[in-house]
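*Asks:* Quick one, structure for this:
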Amino acid sequence: MEITSGERPVGKVRIGGIVLLVTSWAAGTELPAGPGRELLIRACTGCHKAEEFAAYRHTRDEYRSIVKRMGDRGAQASAKELDQIADFLANNFLKVEDPSKVNVNRATAKELETRLELTAKEAEAIVSYREQHGDFRALGDLYVIYGVDGRKIQAAKDKISF
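*Replies:* Numbers count the residues shown, from 1 in each chain. The predicted model follows:
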């Protein structure tokens, strides 16, 4: 395989007896320029598609936690490089809270009750479940909570954020 200008080998893939070099050029074309970009390509695109990073939306702390977990799972980067990757992701793909929506991972029971038109018991059930099981990641997570009417959650789906 010939590597042309702008391509840089970032890994090898063995297919039978042939070793192919995996390059960063194709993998990184969708990512914005900036500090940490090349580290992200080198350390993360072995498992993740570069073009999918733009769809991720997390807070800075969430990115730090996720990237640390990836380091624990074998991402080839030092602790300092992982911090740079988390900063790159947070600077380019940060989660922005919509004030018109209720973040079910942070709202009080009273906020859930009032803004999502739930009963006090339903709102308390959501808070209790969240405290026992951790943050919700998707709307479907709310449907499994005993005592919460799924039809109300469905009706309020456009008012909910995570």
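
*Asks:* okay, CA-based contacts and neighbour counts for the rest of this
*Replies:* Will do.

*Asks:* pull the CA atoms of the helix or strand where L82 lies into PDB?
*Replies:* Assigned by DSSP states H and E, L82 falls within helix 79-92. Taking C-alpha atoms only, helix 79-92 is exported to PDB below (Å, rounded to 0.1, in the frame of the first residue of the first chain):
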ATOM      1  CA  ALA A  79      -2.700  10.300  31.200                       C
ATOM      2  CA  LYS A  80      -1.600  13.700  29.800                       C
ATOM      3  CA  GLU A  81      -2.600  12.700  26.300                       C
ATOM      4  CA  LEU A  82      -6.000  11.400  27.500                       C
ATOM      5  CA  ASP A  83      -6.500  14.800  29.100                       C
ATOM      6  CA  GLN A  84      -5.700  16.500  25.800                       C
ATOM      7  CA  ILE A  85      -8.200  14.200  24.000                       C
ATOM      8  CA  ALA A  86     -10.900  15.000  26.500                       C
ATOM      9  CA  ASP A  87     -10.200  18.800  26.100                       C
ATOM     10  CA  PHE A  88     -10.300  18.500  22.300                       C
ATOM     11  CA  LEU A  89     -13.700  16.700  22.500                       C
ATOM     12  CA  ALA A  90     -15.100  19.200  25.000                       C
ATOM     13  CA  ASN A  91     -13.900  22.200  23.000                       C
ATOM     14  CA  ASN A  92     -15.400  20.900  19.800                       C
END
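
*Asks:* Could I get the average pLDDT for that helix?
*Replies:* Helix 79-92 shows a mean pLDDT of 94.

*Asks:* Stretch 148-162 too?
*Replies:* In this model, stretch 148-162 has a mean pLDDT of 95.

*Asks:* Would you mind measuring the gap between the ends of it?
*Replies:* 18 Å (CA to CA, to the nearest Å).

*Asks:* For it, which residues meet the burial criterion?
*Replies:* The neighbour-count criterion (16 or more other CA atoms under 10 Å) identifies 148, 153, 156, 159-162 as the buried residues of stretch 148-162.
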